[in-house]
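> structural data only, the sequence is not supplied:
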């Protein structure tokens, strides 16, 4: 696993996402302790036509969990916790109609 992990360090996510020519859905939870909202905002800045689903109370495992550390830790070992209730509708909405680039960005 280590060689794979080391090889991934050469990639800058914002640079890579900016190269994509397909619709993109960025999904971020407000209680994700591994990836912060500011990081998803940098991805959105690199691909302004991307959709952003910022889900309050969703953690890194896509579950509804408060930000406190003990609850976060428990969520990693509790397979009975369901996905955040707003996640499936956000994905479905994106699949039905991806976001469109703003008019100014579409011309560039």
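Happy to help now that I have it. The shown structure was predicted, so the numbers you read here are calculated from the model rather than taken from an experiment.
> which SS state does residue 91 fall under?
Secondary structure state of residue 91, per DSSP: H, G, I helix; E, B strand; the rest coil, is helix.
> hang on, it packs against residue 51?
No: contact status for residue 91 versus residue 51: not in contact, 10.1 Å apart, counting by C-beta atoms under 8 Å. To be clear about C-beta, it is placed using only N, CA and C from the backbone, and glycine gets the same treatment.
> who's more crowded, these two?
With neighbours defined as other C-beta atoms under 10 Å, residue 91 and residue 51 compare such that residue 51 has more, 18 against 14.
> contacts only, for the more buried one.
Going by C-beta atoms under 8 Å, 6 or more residues apart in numbering, residue 51 touches 23, 24, 25, 26, 94, 98, 99.
> not counting sequence-adjacent ones, nearest residue to the last one?
Which is residue 99. residue 51 (3.8 Å; C-beta to C-beta, 6 or more residues apart in numbering).
> rewinding a little: common neighbours of residue 91 and residue 51, please.
residue 25.
> just the helices in the protein please.
Applying DSSP state H to the chain gives helices spanning 2-8, 13-18, 37-46, 69-75, 87-96, 103-106.
> residue 31: which of these is closest?
Closest approach to residue 31 among those is made by helix 69-75 (7.4 Å; C-beta to C-beta).
> can you tell me the closest non-neighbouring residue to residue 20?
Excluding its sequence neighbours, the residue lying closest to residue 20 (C-beta to C-beta, 6+ apart) is residue 47, at 6.5 Å.
> so the one you found versus residue 86, what's the distance?
Using C-beta to C-beta, to the nearest Å, we find residue 47 at a distance of 22 Å from residue 86.
> likewise residue 34?
Using C-beta to C-beta, residue 34 is found at 19 Å from residue 86.
> repeat that for residue 80.
Separation of residue 80 from residue 86 (C-beta to C-beta) stands at 19 Å.
> which of those two has more residues huddled nearby?
Neighbours per residue, other C-beta under 10 Å: of residue 80 and residue 86, the larger number sits with residue 86, 17 against 4.
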